[in-house]
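S.K.: Build the 3D model from these lines:
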Amino acid sequence: MKRFLAASAVLLAVAACQPKAEPVAEPVVEAPLIPAPEAPVLAAPVGDIDPETAALAGVWLLTAAAAPDKPCRITLVAADVAPGLLVTRLASLEPACIEAVPVTAKITQWSASGDGGVFLMGSAGGDTQENVLELRPTNPTGVFAGTDAAGVKYELHPAS
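M.R.: Residues are numbered from 1 along each chain as shown. Model (predicted):
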């Protein structure tokens, strides 16, 4: 091992003393620029929001039909959380919501249903989301109604 290290040191010293070779200048050949074909647009640009989502985004009051005097203020944020087959968006709830409307403890995201309704979703474990509430419009004033898995009825009203 000592001989190897000594031989390596000698080779490095000899290499350091050698004159450096000058780089050979090669002629530069310029190729004509060929414009790339325009790529087709396959999806809507980031930040575009469909009309249904735009109509639903904002502040709402969620109540259990049995306790309309205990509203939960929920903000449906329009920004995408998870793209995919069903684009989900952030649902922001006030801290008092869990006490007023216990089902909200599960709600973390929302999505427009595509047919006028709204899904309020929560984690089903891992990256999987499950519908906690599916709310459908009940009248032209913007009130939505739905039932959870336990059969409890809920209403979603625009906050005034």
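
S.K.: I'd like the distance from residue 61 to residue 113, if you could.
M.R.: Residue 61 sits 19 Å away from residue 113, going by C-beta to C-beta, to the nearest Å. (Glycine included, C-beta is placed from N, CA and C.)

S.K.: One more: residue 148?
M.R.: 16 Å.

S.K.: Residue 115: neighbour count?
M.R.: Residue 115 has 8 neighbours, counted by other C-beta atoms under 10 Å.

S.K.: ok but it is inside a helix, no?
M.R.: No. The assignment for residue 115 (DSSP: H, G, I helix; E, B strand; the rest coil) gives coil, which keeps it out of a helix.

S.K.: mind checking the backbone torsions on it?
M.R.: Residue 115 adopts backbone torsions of phi -130, psi 30, taken as degrees, to the nearest 10.

S.K.: Equivalent analysis for residue 150, please.
M.R.: The phi/psi pair for residue 150 (degrees, to the nearest 10) is phi -90, psi 0.

S.K.: what's the answer for the one 3 residues further on, then?
M.R.: The main-chain torsion angles of residue 153 are listed as degrees, to the nearest 10 and equal phi -90, psi 140.

S.K.: Which residues are in contact with it?
M.R.: By C-beta atoms under 8 Å, 6 or more residues apart in numbering, the contact set of residue 153 is 64-66, 145-147.
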